[in-house]
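**Q** Show me how the following folds:
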Amino acid sequence: MRNLPGFVKKYPLFPGFILIMFLAPVFIGDPFALHVLIMVLLYAAFGQAWNIISGYAGQVSLGHCIFFGAGAYTSSLLLIKLGLSPWVGMIAGVLVSIMLAAAIGSICFKLKGHYFVIATLVIAEIILAVVSNNDFFGAAVGLWLPIKESSLVNLQFHSKIPYYYLMLIFTALVFGFTWYMEKSRMGYYFRAIKADPDAAQALGVNLFRYKLEALIYSAVFSAVAGTLYAQYVLLVDPYNIFALKVSLIAALVVVLGGVGNLWGPLVGSAILVPISEYARSWLSGGGKALDLIIYGGLIVLIAIFEPDGLMGLLKRRVFKKASDLNKMPIKP
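**A** Residues are numbered from 1 along each chain as shown. Below you'll find the model as predicted:
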């Protein structure tokens, strides 16, 4: 709480942004536009979860659909098989994702560079094959969630507005945690590991411990995002949950917005997700994969002209303008 005034001073437009986001459903009457906003918030939070391990700690993952799917499938199975509340399923999904993170970390953190990336991708593909060929998980068809009474207890609503506010609160919590992490000793350790792991280790940083912490935090938020997504669409199937595309979108929103930047995932999600949703809406089946083509084009442009993402471009512009103002002669 002591840091809140400094935060507002650093980001003076933030309170206005929060007010706009809070009032958005009042002025948006189109259900599809509200759906797009919900998905923007979902992928901003999911992208921030990816950003914690990949952007701050430097362990690039292409298997984050594992944790997203752990939350979605665990909560859905407990609801369908045992009739347990989605909130209980969310907690169980978080625990499953933590165990998966510990197992994956203990194996994959021994690998470096592109070998780690490939390992996370391979594990995700193995899990996809297992789930899509197992009747317990609904096989390739997936699982339809039962429709319950509209209430917060059931995490189901007849209107999109409660889903929007639920996603807004979750996204705010993820970003709040990341902001706190940035300023903490843990955040400095993460960035030291990313910059030079050997130097960080020489200075006494326990590489395995802090990499694992970053992965666990990332997995927890990803699992919650998966549970909320499952309760929103009421359907989980392996090719929309454990597919490479899910992991790629989490990575792409961060790469476009700015890797290792607090606001990068939100900026990237606000651009990429509407492109994807409106491309599917306007072009229907004929627009399949068009969003991926646009994604690819944007990422190529970012990689060539602005590797730090759109937030990097914005910062450079702001600093350049401030520098130009400082160089102006002072008239007596």
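**Q** which secondary structure elements does the helix ranked longest in the chain contact?
**A** If each helix of the chain is counted by residues according to DSSP state H, the longest one is helix 207-233. Helices and strands touching helix 207-233, by 3 or more CB pairs under 8 Å, 6 or more residues apart in numbering; DSSP states H and E, are helix 31-50, helix 65-82, helix 86-108, helix 160-183, helix 185-195, helix 197-202. For every residue, glycine as well, the C-beta is placed using N, CA and C.
**Q** could you redo the last one with a cut-off of 6 Å?
**A** Judged by 3 or more CB pairs under 6 Å, 6 or more residues apart in numbering; DSSP states H and E, helix 207-233 is in contact with helix 31-50, helix 65-82, helix 86-108.
**Q** So for residue 187, which of those helices sits nearest?
**A** helix 31-50 (13.4 Å; CB to CB).
**Q** quick one: the most centrally placed residue in the chain from residue 209, how far?
**A** Centroid-nearest residue in the chain, with CA atoms, centre = their mean: residue 46, separated by 1.6 Å. Noted for residue 46: a distance of 25 Å to residue 209, by CB to CB, to the nearest Å.
**Q** Would you quantify the distance from the residue nearest to the residue nearest to the centre of the chain when sequence neighbours are not counted to residue 259?
**A** Once flanking residues are discounted, residue 46 sits nearest to residue 225: 4.5 Å by CB to CB, 6 or more residues apart in numbering. Distance of residue 225 to residue 259, given as CB to CB: 19 Å.
**Q** Of the two, which one has the most company?
**A** Neighbours per residue, other CB atoms under 10 Å: of residue 225 and residue 259, the larger number sits with residue 225, 29 against 24.
**Q** picking up where we left off before, check the helices and strands packed on helix 207-233 for me and report the most buried one.
**A** Per residue and on average, the most neighbours among these fall to helix 65-82, with a mean of 25 (mean count of other CB atoms under 10 Å).
**Q** Show me what it is packed against.
**A** Secondary elements touching helix 65-82 (3+ CB pairs under 6 Å, 6+ apart): helix 86-108, helix 114-132, helix 207-233, strand 235-236, helix 244-257.
**Q** of these, which approaches residue 27 most closely?
**A** helix 207-233 (21.5 Å).
**Q** any idea of the angle that closest one forms with helix 86-108?
**A** Using axes from the mean of the first three to the mean of the last three CA atoms, to 10 degrees, the direction of helix 207-233 lies 150 degrees away from that of helix 86-108.
**Q** How far off centre is helix 207-233?
**A** Centroid separation for helix 207-233 versus its chain: 9 Å, with CA atoms, centre = their mean, to the nearest Å.
**Q** And the helices and strands packed on helix 65-82: which comes nearest residue 264?
**A** helix 244-257 (3.3 Å).
**Q** Next SSE downstream of that closest one?
**A** helix 264-283 (DSSP states H and E).
**Q** ok, and what's touching that following helix?
**A** 36, 39-40, 43-44, 47-48, 51, 253-254, 256-258, 287, 290-291, 294, 309-311 (CB atoms under 6 Å, 6 or more residues apart in numbering).
**Q** shaky segments in this structure?
**A** 1-15, 283-292, 295, 306-309, 312-332 (pLDDT under 70).
**Q** switch the cut-off to 80
**A** 1-18, 279-332 (pLDDT under 80).
**Q** thinking again about what came up before, can you add distance to residue 281 and give the helices and strands packed on helix 207-233 back as JSON lines?
**A** Shown next, in JSON lines, are the helices and strands packed on helix 207-233 (distance: least, CB to CB, whole Å):
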{"stretch": "helix 31-50", "distance to residue 281": "7"}
{"stretch": "helix 65-82", "distance to residue 281": "23"}
{"stretch": "helix 86-108", "distance to residue 281": "27"}
